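**Student:** Structure, please.
(one chain, ligands or ions: 1)
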Amino acid sequence: MLLRFTKMHGLGNDFMVIDLVTQHAQLSAKLIRQWSDRHTGIGFDQLLVVEPPGNPDMDFRYRIFNADGGEVEQCGNGARCFARFVQDKRLTAKSEIHVETAGGPIILNVNADGQITVDMGAPRFSPAQIPFQADTEALTYTLEVGEQQLQISTVSMGNPHSVTLVDDLDSYPVATLGPLIEKHPRFDQGVNAGFMQLIDRHHARLRVYERGAGETLACGTGACAAAVAGIRLGHLVSPVSMQLPGGSLHIEWAGPGQPVMMTGPATRVYEGQIRV
Ligand SMILES: N[C@H](CCC[C@H](N)C(=O)O)C(=O)O
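**Tutor:** Below is the predicted model:
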């Protein structure tokens, strides 16, 4: 059987997107790892799956799988591509789309200028919600990483994030420290390791070594987590322009209990078919 898919990206964070509303396929971690391979497969950071909603009040279910085949709770860049995809495929005529994810409900708005704004829900901070092993909740924690002691913030956007402030992002050893943080034993379910350089009160630069995918050109939930961490520490003020290697995202957060609003592009690359 041939399975139709669309290759898309959000600021270079790239995706295979499949519609399992009008198609049927049995996915496995092994098959997803084959598809994600950039030499022998399609190649992507994440696979995004569109399904009918479980909750009748929602428009769709949105499932996310990392390149390593693991299913995860949330993907911000993917959410913008999801909105573009379901409109392109005429799966909805709505411009405000309510979506259920394993990390909680999100709301996608396709704006007149073609940018997409996502209500990512409220960030969570307690160690149990990350999850992260710590005796009490704090703004920052000391994490033993190799020979170093890093100061990190932790934020859940439905998926787990650590944020480390650095002075010089370009020379920072993300390739070395990223995987050590990603699989650090204090993060029971792994973590996306963000590294942020402050520019001014409304601007910062960010690199993210993603759980299950490695360093990506952009990470939407990572941008949200870093902006929130910077605001909580008093270094940043909403709105924040978060500059990633693949481009910038506009992040707004009005404070505890409030949703994080992320705005950015979604790009179609090509339509494909693969035999399953
Ligand atoms: N690697 C992430 C999922 C993708 C997040 C990222 N691509 C985004 O845009 O938010 C995780 O394991 O939680």
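**Student:** which residue is nearest the middle of this protein?
**Tutor:** For the chain, the residue lying nearest the average C-alpha position, counting by C-alpha atoms, centre = their mean, turns out to be residue 75 (3.3 Å).
**Student:** show me where the stretch 51-200 of the chain has helices.
**Tutor:** Secondary structure of the stretch 51-200 of the chain (DSSP state H, counting those that start in this stretch): helices at 76-88, 174-182.
**Student:** Let's have those helices in TSV, adding distance to residue 243 and mean neighbour count.
**Tutor:** Yep, even glycine has a C-beta here, placed from its N, CA and C like the rest. Output for the helices of the stretch 51-200 of the chain, formatted as TSV (distance: least, C-beta to C-beta, whole Å; neighbours: other C-beta atoms under 10 Å):
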stretch	distance to residue 243	mean neighbour count
helix 76-88	14	26
helix 174-182	15	18
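**Student:** Make a markdown table from these and add mean pLDDT and distance to residue 194 to it.
**Tutor:** As requested, the helices of the stretch 51-200 of the chain are exported to a markdown table (pLDDT from 0 to 100; distance: least, C-beta to C-beta, whole Å):
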| stretch | mean pLDDT | distance to residue 194 |
| --- | --- | --- |
| helix 76-88 | 98 | 12 |
| helix 174-182 | 98 | 9 |
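**Student:** nearest to the ligand, of the ones you listed?
**Tutor:** The ligand sits nearest to helix 76-88 of all the helices of the stretch 51-200 of the chain, at 3.5 Å, using C-beta to the nearest ligand atom.
**Student:** Pull the residues that contact stretch 27-37.
**Tutor:** Stretch 27-37 is touched from outside by 16, 40-45, 47, 49, 65, 67-70, 274, 276, with contacts defined as C-beta atoms under 8 Å, 6 or more residues apart in numbering.
**Student:** Quick one: buried ones out of those?
**Tutor:** In the contacts of stretch 27-37, burial by neighbour count holds for 16, 41-42, 44-45, 47, 49, 65, 67, 69-70, 274, counting by 16 or more other C-beta atoms under 10 Å.
**Student:** Out of those, which sit inside strands?
**Tutor:** Using DSSP state E to define strands, the subset of those located there is 16, 47, 49, 65, 274.
**Student:** which among those residues gets closest to residue 162?
**Tutor:** residue 65 (21.6 Å; C-beta to C-beta).
**Student:** export stretch 35-44 as PDB, just CAs?
**Tutor:** The C-alpha coordinates for stretch 35-44 follow below in PDB (Å, rounded to 0.1, in the frame of the first residue of the first chain):
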ATOM      1  CA  TRP A  35      11.700   6.800   7.700                       C
ATOM      2  CA  SER A  36      13.700   9.400   9.700                       C
ATOM      3  CA  ASP A  37      17.100   8.300   8.300                       C
ATOM      4  CA  ARG A  38      18.500  11.100   6.200                       C
ATOM      5  CA  HIS A  39      20.400   8.700   3.900                       C
ATOM      6  CA  THR A  40      18.200   5.600   3.500                       C
ATOM      7  CA  GLY A  41      14.800   7.100   4.400                       C
ATOM      8  CA  ILE A  42      12.800  10.300   4.000                       C
ATOM      9  CA  GLY A  43      14.700  12.200   6.700                       C
ATOM     10  CA  PHE A  44      13.100  14.300   9.400                       C
END
